[in-house]
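> Show me how the following folds:
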Amino acid sequence: MTTLFLCSMLALTPFVDGATQPAAGPLRIVVIEGEGAVNIIQQKTAVAPIIEVRDQNNLPVGGVTVTFTIQGGKTAVFAGGSQTLTVTTNAAGRAVAAAVNPLSSGTVQIQAAAAFQGQTAAATITQTNVMTAAQAGASAASTGGAAGGGGGGGLGGGAIAGIAGGVAAAGAAVVLTQKSDEGDEDATTAIDPAVSAALGTYTLVTVNGVGLPATTVASPPATCAVATDNATLSLTADGGERRYEVRETSRTTCPIGSNTSFQSSTTGTWTISGSTITFTPTSDNFLLDAATLSNGSLTMTVRPPHIDAGREAPRVTTVWRK
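So this is what the prediction gives:
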C-alpha cells in the first residue's frame, strides 16, 4: 500500500483578532475578519465575515451552530439569494459566512447568532458596499485620514487586495514599483497590480464547505482516511520569477493498523490572468487547479496525492484566505 502522503493543502492558521462583541450568557463572539470591510458591487465580491465563539474561560468552542443574517433589506445576499446562512464552528471555534454577494450601495449589517447547549451569543458585523474599485479606494483614503483612534472602520486586508485586483482589471493607470537588486536605489521595476494583489500567504478556511480539521481523502475509497489539520499557500514574486509553496499538517485514520501524523510541502510556479491564477507544480504531490482570486480569497479544487495502489484521490473544493 502506498504511503499516505500529504493530503491537501488546507489549514486554518490564526487570524488577527478583532474587537470582542457583547455576548449573552457564558458564550461570546469575537469578530476575526470582516468588520469595517468595503465590498465592491461591480466585482460581485465581498469580505467574508469570520467569527470565533469562545466560552467563559476564553477558550474556542467547536460544534456551535452559528446563523449569519443580513439585516436591513437586500443590501447583500448569500449564495442562492438567501439572507441567512447557518454553519457550525470547527475545532478552532471558527465559522465563516462565505459567498456574500453585495447588491446595493450603503451600509451592510450582518448579525452572527451562536447557540450551544442552551447558551447564546450575538454580534453584528458592519461593512460598506460601493459600486466601483475607485470608490472603494476613496473610502479607504477617507477612513485612513479620519481623526480619532481605535475605530472599527476601514478596509479589511482582503478588501485591499480586491481593490488592487479591480483597479488592474479596469485598466486604470496604476504602476506599482519595487527597488532593483542591482545597487541603484533609484532604479525601479514595474509590478503588475494583479500580481501585487495576489502576493501573500493564504490559509485554508474550508474543504468542501467544512472548516478545518477536514477530511481530504475518505475511506473508502482509500484504505485509511486522511484529515488535514492546517495548511498554508504562499505566493511570492522575485523579479520575473513567481513561485508558490504549500505546507500542510495531516493525519491518517485507519480502521486497521496504526494512525500517523505527518507534515509535507510542495512547490511550483504560478501565473495570473485577470482574477485567475494557474499553478505549475514541480512534483505531483499536490495538484492545484486554476484558482479564482476575489477579495483576498482563493477558491479552487485540489487533488491530494494518490491513494492506495497509485489511484488518484478525488478532488476537493477549497477556500483559502490571506
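> thought residue 288 was touching residue 299?
No. Assessed by Cβ atoms under 8 Å, residue 288 is found out of contact with residue 299, at 11.5 Å. Any C-beta I mention is one placed from the backbone N, CA and C, and that applies to glycine too.
> between those two, which one's more packed in?
Taking other Cβ atoms under 10 Å, residue 288 and residue 299 do not tie; residue 288 has more neighbours (24 against 17).
> Now the more buried one. Nearest residue, chain neighbours left out?
residue 279 (4.1 Å; Cβ to Cβ, 6 or more residues apart in numbering).
> Provide the partner residues of the nearest residue to residue 294 once chain neighbours are set aside in its beta bridges.
Excluding the flanking residues, the one nearest residue 294 by Cβ to Cβ, 6+ apart is residue 45, at 4.5 Å. When bridges are called by DSSP bridges, residue 45 pairs up with residue 40.
> How many residues are close by residue 45?
With other Cβ under 10 Å as criterion, residue 45 counts 25.
> That one contacts residue 76, doesn't it?
No. In this structure residue 45 lies outside contact range of residue 76 using Cβ under 8 Å: 11.1 Å.
> where does the protein dip in pLDDT?
Where the chain drops to pLDDT under 70, the residues are 1-25, 136-191, 239, 283-286, 305-312.
> still on that earlier bit, which residues do residue 45 and residue 76 both contact?
Common neighbours of residue 45 and residue 76 are listed as 39, 102 (criterion: Cβ atoms under 8 Å, 6 or more residues apart in numbering).
> count of neighbours near residue 100?
26.
> right, and it touches residue 46 too?
Yes. Using Cβ under 8 Å, residue 100 is in contact with residue 46, at 3.9 Å.
> got the buried residues for stretch 119-135?
Residues of stretch 119-135 classed as buried: 119, 121-130, 132-135 (neighbour count, 16 or more other Cβ atoms under 10 Å).
> From those, pick the one nearest residue 216.
Closest approach to residue 216 among the buried residues of stretch 119-135 (Cβ to Cβ): residue 125, at 29.7 Å.
> I'd like the distance between the closest one and residue 66.
Residue 125 is 12 Å from residue 66, where distance means Cβ to Cβ, to the nearest Å.
> Quick check: which element contains residue 135?
Element membership of residue 135, judged by DSSP states H and E, is helix 133-144.
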